[in-house]
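A.B. asks: Got a predicted structure plus its sequence, pasted below:
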Amino acid sequence: MSEQRSSARISEASELGVFGTVAEGIRLSPAMRVGIGFTMALALVATAGRLIVPLAVQRTTDAGILAPGGVDVGLVMRLCAIAAVGLLLTGACTSWVNYRLFRAAEGGLAQLRVRAFRHIHDLSSLTQNTERRGSLVSRVTSDVDTISLFVQWGGLMLILSSLQILGATVVMLVYSWQLTLLVWAAFVPMMLLAPRAQKALSKAYGEVRVRIGAMLAAVSEAVVGASTIRAYGAGERTRGRIEQAITSHRDAAVRAQTYASIAFSSGVLLSSVALAGVVVAGVYLGLDGGISIGVLLAFLFLVQIFVGPVQSATEVLNELQNAVAGWRRVIAIVHTPLDIDEPAEPAPLGPRGPAALNFTDVSFAYPGGDSVLTGINLDIPAGARVAIVGETGSGKTTLAKLLTRFMDPATGTVSLDGVDLRRIALADLRQRVVIVPQEGFLFDGTIAENVAYGRTRAGAEQVAAAMRDLGLDDWLATLPHGVHTDVGQRGESLSAGERQLVAIARAYLADADVLILDEATSAVDPATEARISRALASLTAGRTSVAIAHRLSTAEAADLVVVVDAGRIVEFGPHNELVQAGGRYADMYASWVVQSG
């Protein structure tokens, strides 16, 4: 008997700090680290190359143009040639660094997308329902895009800028320690305020990512539910909700950009102050003979090399915080614990064929709610056709979800041929047990492609054979292109009944041992209902089948009927015996006969 376990929730964002977030993000994307040593070496060469110009200016001015014996044209030409070659080498190294970083970044982020997407699919339906679908999609798409922008551009700038500031400082100290201290003193206030600014930006951009997710969720919901919105004349209300989501995103984005603009403007102001201070102090040092004209000119170039990265640092900080906010949301997905986990040592299953199903002292409650199932004990023989009946909310669908292990019971065990489902590898379980939902979901493509979705490498001949076995040839003949007819997005080119036929054919081709059927014939025309009934008869032949019966005609045709009331099994047996017993099922059947008549 297992312990009660509440479903995990997907948090809005990871609570890791900036450095912890970046470290964890890189750990989850190992491709980012491939060849990083060589890339850093290239970046070092590229940065060193930027110092060629001020060095060449100093030597050209002092030793060439202002040489004691007059202008040394030969030296000036040689220095210019050396500087030109150095700049070409710098440009080549910078391009190579760009290429390597872009390739590593895209490789790593592709790993992150796949990992996050896979984890979302591994989460139980209960956990997935704690987050809106549009927001989940935004985490794998737009949130990763913000990381990509930083890693490819901001990451490169951060590496080169750090090396550039370090290199410029070293050369400036060689030329004049006084002017170097002046330059650094101008930026001390910014460095002291940087942690506070970083915290404010991090919070602001975290809010932006949340608002983007909410906006995408609202928009996608409105697009998918467009027909319902039109049917109920709810266009204005829906538009109002979407406008509110868009406005909230706009306000959050403007607020974040305002903070970033203040930081950038501060950097520009301090850069101007530093440059002006160097000009004034340099002139005084030159008049006293402390530095030469060439050194002063070189120092002015060095100041530009120093302040350029400092100015762009605010923009890099902007992108960093945006990326960290996106990274935190993606990491939160990956760190969400799995409710339905793989067994450490999967139990072996017997040969394929109709399987027996067993519930032993099973209870279940949805998070935050009362018990939905209590003390369920049920034995379903191999090969039996079973119908589960009961009022809405009685627990029928929950039983089906437990059989497919979309959820695990709070207490007790659900077994397949005597093996606890929690001990079966999920891949094996999905081959053995297949569910046909009430509304068959179809993917954009043809009927053949959707039918083949249930079986890897199924060809057109196998699809056609499945359709013949299910007696669907006459229906296919009415379609313009037969099995090659396009179903449209979400199968909207087909009727609800036709989508159900495709879902049944998909389950048939999957060739499972156990079928869980959520009956869906109440809203279809008689001809389609007849086709569905014939197809289901072929589908369930030779298999164990459990149908959530919304019509008692399904229970009439079943071998066994399970009657569920308020989360408990109150009756179990063949249809005729239950009718003669005069209990709960007999009352339901009598009422159904009157309504049908």
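C.D. replies: Here it is on my side, so go on.
A.B. asks: Quick one: the helices in the stretch 101-250 of the chain, in order.
C.D. replies: Taking DSSP state H, counting those that start in this stretch, the helices of the stretch 101-250 of the chain run over residues 125-128, 133-140, 142-149, 155-175, 177-224, 226-231, 235-287.
A.B. asks: do you know how far the most centrally placed residue in the chain is from residue 506?
C.D. replies: The centroid of the chain falls nearest to residue 140 when counting by Cα atoms, centre = their mean (2.8 Å). Residue 140 is 25 Å from residue 506, where distance means Cβ to Cβ, to the nearest Å. The way it works is simple: take the backbone N, C-alpha and C, and place the C-beta from them, glycine included.
A.B. asks: How about residue 537?
C.D. replies: For residue 537, the distance to residue 506 (Cβ to Cβ) stands at 17 Å.
A.B. asks: Please identify which of the two sits among more neighbours.
C.D. replies: More neighbours surround residue 506 than the other of residue 537 and residue 506, with 24 against 13 (other Cβ atoms under 10 Å).
A.B. asks: just checking, the more buried one touches residue 449?
C.D. replies: No. Between residue 506 and residue 449 there is no contact under Cβ atoms under 8 Å: 10.3 Å.
A.B. asks: returning to that earlier point: thought the residue nearest to the centre of the chain was touching residue 120?
C.D. replies: Yes. Applying Cβ under 8 Å, one finds residue 140 in contact with residue 120, separated by 7.3 Å.
A.B. asks: shared neighbours, those two?
C.D. replies: Residues touching both residue 140 and residue 120 by Cβ atoms under 8 Å, 6 or more residues apart in numbering: residue 333.
A.B. asks: Residue 112 - nearest residue in space that isn't next to it in sequence?
C.D. replies: Spatial nearest neighbour of residue 112, chain neighbours left out: residue 29 (4.8 Å); criterion: Cβ to Cβ, 6 or more residues apart in numbering.
A.B. asks: What count of nearby residues applies to the one you found?
C.D. replies: Other residues within reach of residue 29, judged by other Cβ under 10 Å, total 24.
A.B. asks: Next, work out how far apart it and residue 144 are.
C.D. replies: According to Cβ to Cβ, residue 29 and residue 144 sit 10 Å apart.
A.B. asks: Please identify every residue contacting each of those two.
C.D. replies: Residues touching both residue 29 and residue 144 by Cβ under 8 Å, 6+ apart: 109, 112.
A.B. asks: what's residue 469 in contact with, if anything?
C.D. replies: By Cβ under 8 Å, 6+ apart, residue 469 lies in contact with 508, 538.
A.B. asks: Quick one: the strands in the protein, in order.
C.D. replies: 357-365, 371-380, 385-389, 411-416, 419-420, 433-436, 514-518, 544-548, 560-565, 568-573 (DSSP state E).
A.B. asks: Output those in CSV, with mean pLDDT, distance to residue 222 and mean neighbour count appended to each entry.
C.D. replies: What follows is the strands of the chain, written out as CSV (pLDDT from 0 to 100; distance: least, Cβ to Cβ, whole Å; neighbours: other Cβ atoms under 10 Å):
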stretch, mean pLDDT, distance to residue 222, mean neighbour count
strand 357-365, 92, 33, 19
strand 371-380, 90, 31, 18
strand 385-389, 90, 35, 25
strand 411-416, 92, 38, 21
strand 419-420, 92, 43, 18
strand 433-436, 86, 29, 22
strand 514-518, 86, 27, 23
strand 544-548, 89, 30, 25
strand 560-565, 90, 36, 23
strand 568-573, 90, 41, 17
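A.B. asks: on that earlier part again, in this structure the residue nearest to residue 112 contacts residue 113, no?
C.D. replies: No. Applying Cβ under 8 Å as the test, residue 29 and residue 113 come out as separate, 9.5 Å apart.
A.B. asks: Counting neighbours, what do you get for the closest residue to residue 82 other than its chain neighbours?
C.D. replies: Using Cβ to Cβ, 6+ apart and skipping residues adjacent in sequence, the residue nearest residue 82 is residue 56, 6.9 Å away. By the other Cβ under 10 Å criterion, the neighbourhood of residue 56 contains 22 residues.
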